[in-house]
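J.: A structural model of the following input is requested.
(chains A and B)
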Amino acid sequence: MPAMNMIQALNSAMDVLMERDPAVLVMGEDVGYFGGVFRCTEGLYEKYGAHRALDMPIAEGGIVATAIGMGVNGLRPVVEIQFADYIYPAFDQIVSELARLRHRSGGEYSAPVTIRTPCGGGIRGGQTHSQSPEGVFTHVCGLKTVMPSNPYDAKGLLISAIEDDDPVIFFEPKRIYNGPFDGDHHKAGQPWANYPQGEVPEGYYKVPLGKAAVVRPGSDVTILAYGTMVHVAAAAIETAGIDAELIDLRTLLPLDTETIAESVQKTGRCVVIHEATRTSGFGAELVAEVQESCFWHLKAPIERVTGWDTPYPHAFEWEYFPSQERIIDAIQRTLETD
Amino acid sequence: MTSPTHAGWQSKLYVPVASSRPDQPADFSKLDIPAAGACARPATDAAAEQTRDLAYGLVRVLDDNGQACGDWNPQLSPDQLRQGLKHMLAVRAYDERMFRMQRQGNLSFYMKCTGEEAVAVAQAMALESGDMLFPSYRQQGLLFVRGRPVLDMMCHCLSNSRDNIKGRQLPIMYSWKEGNFFTISGNLGTQISQSVGWAMASAYKGEDHVSAAWVGDGTMAAADVYHALHFASTYRAPALLNVVNNQWAISTPQSFACTGTTFAARAQGFSMPGIRVDGNDFLAVYAVTQWAAERARQGHGPTLIELYTYRVASHSTSDNPDAYRGKDEAAQWPLGDPLERLKAHLIAIGEWDDAQHAAVEAELKAEMTANWKEAIKYGSLEEGPHWPVSAMFEDVFKEMPGHLRKQRQDLGV
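T.: Alright, predicted model coming up:
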């Protein structure tokens, strides 16, 4: 099986579906001739031409609006918003239009649009290239929200997303495009080729939306994470030598509540981790979900480890970024409570 | 007018003024209205810059004597003309009935298109059935031309058990896929850039269908319109971008969006034709639409059409125009009434008379009454019956996910 990094895996997902279905096209800023600023659409222009790897003007609201129109007219557009930080100009089109077309028209109209967008920090990107706005979108009814943590899942989830008849916001944690990141920025990164999740089949396969993965089974505490934080959490668990169960949510909406409840009911403890800011973040939803389904099983308050409620910093990136230390502290607090 | 002084500042800000306010008489004397037949009709493959005069002129066909004049005369048959008049009369009869029903408390909301009937009716007649319509909320005429049963429209407005959109939207936010009529959004302008995407897909698939979208003068200030113009021009989308300049955006005059020029003039900067047309002239509206559709089908890209008209009624049933514009303004509007003008033309060419006209009006009034009586049998917003409450949870997604199933169960439906 070939080794792929996340960029190649995402590229392969689009390639496989463009090969199969002429209704699939990729569109966005710099996605055509240039192959994308992160190279995710590299080669698609050469293989499928300028009409299917469609370069677009810098107008996110216009890009999403035209994708909606195309979706209504039988196409299956895959939009790239160059950075999640730049998705806001398209917000009205996503929230008021894309997400609600099917409902407001009584099921007459819908648009199977997938919006891919690199998110998250750890790349010295400052506040305009580091945000994690997933919680803004999980709050919107009618959208599915996905964030993979490795190349294998990225390809399988993206194929599921593009083939889904509902709109999907597909967040790509750019810090782990080339290899996993355990939160220690002093350490040299390892490429995905050195990890089993970097083995990616060349052809068609799906990872289902709405299904979490138990990355590491354990019995003392449940760790809920997604995206880059899956790797930071895994390293923290190893460093501290804790028998934790680590769950990679993969899809935030619809959320795999069964896997979460089953785990927390077993461990009685839960730590929720995300890079995004804390207040009204997706972690708040997870905490609410866990207390609703597992309250009588809980042995300790649920902990949250998140980014701070500040704009994403440039100089203080590593003070902002949820570190292994902060995660270990949170786990220890839950374990110390009886 | 001298600038006000406030908080010790002598303001240098310019704020546009209205055509009239309640204490002022309407003044349309500065409008430059060319004679019918004065504008030349370019070839449909003309370069955008060759159409420049049309962006500042006003295409008119019907003169004050009911005669059709000039190059833009679409040469419609008497049957087509009568059909157009009947559609416009139907729209007006429908509006009158629905407005009254709202005033009697039977509808939560309504919006009339009085004075603008020619826009939707003539444009829909000039398009093909496979062309996709992305309307705003004042193009109910499109539905009449495309043959949507009035009963179904009323049932939607009543949010009753027969509402095809299951009680999910305000009255008049129609959706009718069978007629290629897109679901209306209450968010202004969003549909115009979507229509360009639809047209791009049509071109991508090698089809000849065009899209047509409508926004009002106020919405011309919205970013979505800029996106629509830009993307349509960039990809030469077969799209008709229509701005219905009815002079008022609720209480805000068109001058707040128009920036001292014409809306059609916007198109020149995008190297697309912009044509200003007398929106109360059925023949001119038909001809310009037909020209733009033909141009789009030939692969020459989009056209921006400014339909110059006047909103005679209130914005909706929720506002009283006497509070923000002169009482006599509608009567002063120099381009007349679209129904009266087409009627006068048909009479002038010997194809219609007052007796026929009165008979059609009476027939339509009775038809609307009969439909209303039938529609109300299927329920109303306040009294029901509606769709089952469980329908609220459907169509959020194609298949209902677990969390929505659970919420539906929590509600006990």
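J.: drop to CA atoms for contacts and neighbour counts, all remaining ones
T.: Will do.
J.: Check which helix or strand B:Ala212 maps to.
T.: strand B:211-216 (DSSP states H and E).
J.: check whether that strand contacts chain A.
T.: No. Counting by C-alpha under 8 Å from any C-alpha of the partner chain, no contacts exist between strand B:211-216 and chain A, the nearest distance being 9.9 Å.
J.: what's the offset of that strand from the middle of its chain?
T.: Distance of strand B:211-216 from its chain centroid, counting by C-alpha atoms, centre = their mean, to the nearest Å, is 7 Å.
J.: Could you identify the helix or strand that succeeds it?
T.: helix B:223-234.
J.: quick check: angle from the helix or strand that that next one is followed by to helix B:223-234?
T.: Later in the chain than helix B:223-234, the nearest helix or strand by DSSP H and E is strand B:239-245. Angle, strand B:239-245 to helix B:223-234, by axes from the mean of the first three to the mean of the last three C-alpha atoms, to 10 degrees: 140 degrees.
J.: Which element, helix or strand, includes the residue lying closest to B:Gln50 once chain neighbours are set aside?
T.: In this structure, B:Gln50 finds its nearest non-sequential neighbour in B:Pro42, 7.8 Å apart by C-alpha to C-alpha, 6 or more residues apart in numbering or on different chains. Using DSSP H and E, B:Pro42 maps to neither a helix nor a strand.
J.: How about the one 3 residues further on?
T.: When secondary structure is defined by DSSP H and E, B:Asp45 falls outside every helix and strand.
J.: quick one: pLDDT of it?
T.: pLDDT for B:Asp45: 98.
J.: For chain A, see how far away it is.
T.: Separation of B:Asp45 from chain A (C-alpha to the nearest C-alpha, to the nearest Å) stands at 24 Å.
J.: And that residue, how close does it get to A:Thr117?
T.: 40 Å (C-alpha to C-alpha, to the nearest Å).
J.: Got the phi and psi for whichever residue of the stretch 101-250 of chain A sits closest to chain B?
T.: Residue nearest to chain B within the stretch 101-250 of chain A: A:Gly106 (3.9 Å; C-alpha to the nearest C-alpha). For A:Gly106, the backbone dihedrals (degrees, to the nearest 10) come out as phi 60, psi 30.
J.: What residues does the closest residue to chain A within the stretch 1-150 of chain B make contact with?
T.: Nearest residue of the stretch 1-150 of chain B to chain A: B:Met132, at 9.3 Å (C-alpha to the nearest C-alpha). B:Met132 sits next to B:Asn180, B:Phe181, B:Phe182, B:His209, B:Val210, B:Ser211, B:Ala212 when contact means C-alpha atoms under 8 Å, 6 or more residues apart in numbering or on different chains.
J.: Just give the closest residue to the fourth one, not the sequence neighbours.
T.: If the residues on either side of it in the chain are set aside, B:His209 comes closest to B:Asp131, at 5.0 Å by C-alpha to C-alpha, 6+ apart.
J.: surely that neighbour meets B:Ala212?
T.: Yes. Judged on C-alpha atoms under 8 Å, B:Asp131 makes contact with B:Ala212 at a distance of 7.4 Å.
J.: and the two? which has more neighbours close in?
T.: B:Ala212 (28 against 20; other C-alpha atoms under 10 Å in any protein chain shown).
J.: That one touches B:Val243, doesn't it?
T.: No. Checked against C-alpha under 8 Å, the pair B:Ala212 and B:Val243 is beyond contact range at 10.7 Å.
J.: Secondary structure element holding A:Ser132?
T.: With DSSP H and E as the test, A:Ser132 turns up in no helix or strand.
J.: for it, what are its contacts?
T.: Contacts of A:Ser132 (C-alpha under 8 Å, 6+ apart): A:Ala84, A:Asp85, A:Cys119, A:Gly120, A:Gly121, A:Glu275, A:Ala276, A:Thr277.
J.: if you look at those, which of them are in strands?
T.: Counting by DSSP state E, the contacts of A:Ser132 place A:Cys119, A:Glu275, A:Ala276, A:Thr277 in strands.
J.: Reformat those residues into a markdown table and put distance to B:Gly57 next to each item.
T.: Shown next, in a markdown table, are those (distance: C-alpha to C-alpha, whole Å):
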| residue | distance to B:Gly57 |
| --- | --- |
| A:Cys119 | 50 |
| A:Glu275 | 57 |
| A:Ala276 | 54 |
| A:Thr277 | 55 |
